[in-house]
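Colleague: mind folding the following:
(chains A and B)
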Amino acid sequence: MKKTIAVLLVVLLSGCAQKSLYEWGSYSQDLLVYAKNPQASKDFADKLRKNIQRAERVDRVPPGMYAEMGYVMVEVGDDREAVMWFEKERAKWPESATLMSGLIRRLSAPLPTSTPVTP
Amino acid sequence: MKGKFLPIVAGLVLVTLAMAGCVSGPAPKDYTAFKQAAVRSLLVVPVINHSVDTKAADYFLTTLSVPLAERGYYVFPVNATKKLLEGDGLADPQLIHGTSTPRVAGLFGADAVLYVEVVEWRAVYAILSSHVVVHFVYTLKDGKGNKLLWQDEQTLNVQTSGGGSGNLLADAIVAAIQSAVDKLSGDYTRVATMANAAALLVDKQGIPYGPYSPSFSQNNSKFPSIGTGHVSNAKLAAVSYPVEGLESSAHVAEQAKAATPAEPAAEAKKK
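Modeller: Purely as a prediction, here's the structure:
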């Protein structure tokens, strides 16, 4: 307990008690719920959408949030919307470019099977 | 001639280092390698869980994004990361941690990869109070060179919820029942958050501010490149960075389990 208090004091004293950089909403809890119930993609998508709206209102969308939304769209089968979110992530975060471009390319490429390509 | 002066010089250097800030607590870490790696992005991979508590790993993974991003780094989305690794044949955290870092980092274009292992996560129920003993190790490796940039090992003893009704017997029963109930999720999150803060946010021990942080310029004073090469306080060897001569995290975990008195939770061990 003493150590915990000491750590928290150090955290506060070291100037970390500042305004947060991003608007997270219920992101962490939503990730956890989704991790425990992976079939609930639609629920996770709905919650993410709300978190994104909330963060965009104050222009403080955290890294990875658009990309997470895009990935859930892939899981529910909406490739077109997925690409839209991946492009948003790439535009905002240059560090995501390698991954986002790779995913966008994969979604846009013609499939090797007889399944029709998403226009 | 050298023989006479060298011990004096060494003594002076040691005194200077002592005054420079490692007055109490562990030796400060050296951030030379970390800064040279010019880390802008962090990939957080699935957590290895050595403990009997099967939920522990999930809680760590989902609580790591926030402090790391707030620290000023680009953090890859943890859910998408996990799924993409699975798609690439890397579903087992043990396998991920054992794979070369440049291979994993290269899949995402990440500058560095953060590996977390839960060595121990054990709830202790007592009449007057309950607490959780947690032991974990965080390892950060360079995405290009496979180098160890930073590592932190922590053992915490965290008081958990249950202010109590004042009736000792009733509280004891409630505490016993609570152990089976998901109501403890608030506790899990709190413990994971505390663990993250202890590992990541302490000057000269944690991770420096990232490029997006308004405090980035404070790195020179708070996370200096002291040149000692001391980047880890760990006494065990992590899966992602095995060190000869140190006990492995798996071994330490097994010893902790063997030392714990038999509880009903011991049945959960049989995975």
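
Colleague: strands of chain B, start to end?
Modeller: B:41-44, B:48-49, B:74-75, B:112-125, B:130-142, B:148-159, B:236-237, B:247-248 (DSSP state E).

Colleague: burial count for A:Ala91?
Modeller: 12 (other CB atoms under 10 Å in any protein chain shown). No exception for glycine: its C-beta is placed from N, CA and C like everyone else's.

Colleague: what helices or strands is the helix or strand it falls within leaning on?
Modeller: Taking DSSP states H and E as the criterion, the element that holds A:Ala91 is helix A:79-92. Packing partners of helix A:79-92 (3 or more CB pairs under 8 Å, 6 or more residues apart in numbering or on different chains; DSSP states H and E): helix A:65-76, helix A:97-108.

Colleague: any buried residues in the last one, and which?
Modeller: If you call a residue buried by 16 or more other CB atoms under 10 Å in any protein chain shown, then helix A:97-108 has these buried ones: A:Thr98, A:Leu99, A:Met100, A:Leu103, A:Ile104, A:Leu107.

Colleague: any chance of the strands of chain B in CSV, plus mean neighbour count, distance to A:Lys50 and mean pLDDT?
Modeller: Compiled in CSV, these are given as follows (neighbours: other CB atoms under 10 Å in any protein chain shown; distance: least, CB to CB, whole Å; pLDDT from 0 to 100):
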stretch, mean neighbour count, distance to A:Lys50, mean pLDDT
strand B:41-44, 24, 24, 98
strand B:48-49, 25, 30, 96
strand B:74-75, 26, 21, 98
strand B:112-125, 23, 28, 92
strand B:130-142, 24, 31, 92
strand B:148-159, 20, 31, 92
strand B:236-237, 19, 42, 96
strand B:247-248, 14, 43, 96
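
Colleague: so which residues on the stretch 51-200 of chain B come close to chain A?
Modeller: Contact residues (CB under 8 Å from any CB of the partner chain) of the stretch 51-200 of chain B with chain A: B:58-59, B:61-63, B:65-66, B:69-70, B:72-80, B:83, B:108-109, B:111, B:156-159, B:185, B:189, B:194, B:197-198.

Colleague: out of those residues, which sit inside helices?
Modeller: Assigned to helices by DSSP state H, the following of those qualify: B:58-59, B:61-63, B:65-66, B:69-70, B:78-80, B:83, B:108, B:185, B:189, B:194, B:197-198.

Colleague: buried among those? Make that a PyMOL selection.
Modeller: Applying 16+ other CB under 10 Å to those leaves a buried subset, and the PyMOL line that selects it is:
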select buried, chain B and resi 58+59+61+62+63+65+66+69+70+78+79+80+83+108+189+194+197+198
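
Colleague: show me what contacts the closest residue to chain A within the stretch 1-150 of chain B?
Modeller: Chain A sits closest to B:Gly109 of the stretch 1-150 of chain B, with a gap of 2.5 Å, by CB to the nearest CB. Shown in contact with B:Gly109 (CB atoms under 8 Å, 6 or more residues apart in numbering or on different chains): A:Glu95, A:Ser96, A:Ala97, A:Thr98, A:Leu99, B:Ser41.

Colleague: that'll do, ta.
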